[in-house]
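Undergrad: build me a model:
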Amino acid sequence: GTIQGASDLLDDIFEQRPPYSDFVQYVCFCALSVLASIAAFMGSSRDAAAVALIVPATVLGQVFCRRFSPWADLEAFIVALTVGVLTPLVSSFLNAPLCEIP
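TA: I've put the predicted structure just below:
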């Protein structure tokens, strides 16, 4: 039926490799994160700078976990740990408060 056909089509789409490289995906993720810190969270340019410093480390954590299969289950933990460790360090480097809520 049509439901099975739609399901098969979605399976084919999900199994396809993206037409762009992983590097492009990571660069776009970094750009989206920086812009989201301003647009979605009403941040300042200082917030965007902090995110720009933190996001590459989180991407490296994701790459590491995806490359080494024993670490794959820990990806969310590694990324959260990276953000948790780097946020206060970057905040002190930028002389910014940890949380600026308007």
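
Undergrad: send me stretch 21-39 as CSV with only the CA atoms.
TA: The C-alpha trace of stretch 21-39 is given here as CSV (Å, rounded to 0.1, in the frame of the first residue of the first chain):
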residue,chain,number,x,y,z
SER,A,21,31.1,16.4,3.2
ASP,A,22,31.2,16.0,7.0
PHE,A,23,33.4,19.2,7.1
VAL,A,24,30.6,21.2,5.5
GLN,A,25,28.1,19.8,8.0
TYR,A,26,30.3,20.7,10.9
VAL,A,27,31.0,24.3,9.6
CYS,A,28,27.2,24.8,9.1
PHE,A,29,26.5,23.5,12.6
CYS,A,30,29.1,25.9,14.1
ALA,A,31,27.5,28.8,12.1
LEU,A,32,24.0,27.8,13.1
SER,A,33,25.1,27.6,16.8
VAL,A,34,26.6,31.1,16.8
LEU,A,35,23.6,32.6,15.0
ALA,A,36,21.2,30.8,17.4
SER,A,37,23.0,32.3,20.4
ILE,A,38,21.9,35.7,19.1
ALA,A,39,18.6,35.0,17.3
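
Undergrad: average pLDDT for the strand or helix carrying A76?
TA: Taking DSSP states H and E as the definition, one finds A76 inside helix 75-93. Helix 75-93 shows an average pLDDT of 92 in the prediction.

Undergrad: quick check: buried residues in that helix?
TA: Judged by neighbour count using 16 or more other CB atoms under 10 Å, the buried positions of helix 75-93 are 78-79, 82-83, 86-87, 90-91. (Each C-beta comes from the backbone N, C-alpha and C, glycine too.)

Undergrad: ok, the residues you listed vs I3, which is closest?
TA: For these, the minimum distance to I3 (CB to CB) is 35.6 Å, reached by V79.
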